[in-house]
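J.: Quick one: sequence and predicted model below, then my questions.
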Amino acid sequence: QVQLAESGGGLVQAGGSLRLSCAASGRTFSSYAMGWFRQAPGKEREFVAAISWSGASTGYTDSVKGRFIISRDGAKNTVYLQMNSLKPEDTAVYYCAARATAGEGYYQNRNDYASWGQGSQVTVSS
């Protein structure tokens, strides 16, 4: 399985921006579809964004559409989550996830992913 490590979290004021990075190692990054999930205190882990192995297909949960952008850089084996216009309700631990795949497409169900990072805290103050 691929190993994942997130970075880039922190504390930001409402309306600000952060970029999360997820570096992958151990397997061929290009054969993995990637996703970002988040978990707030007392809540279940929820889908945020996902991207296909090629980067051609992306998907977002409704609450982040128009504010977050997922992308990937094959040369750096890294997937990114650019988060703009942040809101206090975006506060959570953010996790990246990987799923080996042979086809185009992205995945929104956390049970579709076999590899997870350790998480990165994002706190948005009002």
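T.: That came through fine.
J.: How about residues contacting stretch 119-126?
T.: Residues outside stretch 119-126 that contact it (C-beta atoms under 8 Å, 6 or more residues apart in numbering): 6-14, 16, 18, 20, 38-39, 83, 86-95. No exception for glycine: its C-beta is placed from N, CA and C like everyone else's.
J.: I only care about these that end up buried; give me the PyMOL line for that.
T.: Paste this into PyMOL to select the buried members of those, with burial taken from 16 or more other C-beta atoms under 10 Å:
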select buried, resi 6+8+9+12+18+20+38+83+86+90+91+92+93+94+95
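J.: Please flag which of the contacts of stretch 119-126 sit within helices.
T.: The subset of the contacts of stretch 119-126 located in helices under the criterion DSSP state H is empty.
J.: Which members of the contacts of stretch 119-126 occur in strands, if any?
T.: Per DSSP state E, strands hold the following members of these: 6-7, 10-13, 18, 20, 38-39, 83, 92-95.
J.: Would you point out the most distant pair within the residues you listed?
T.: 13 and 95 (23.3 Å; C-beta to C-beta).
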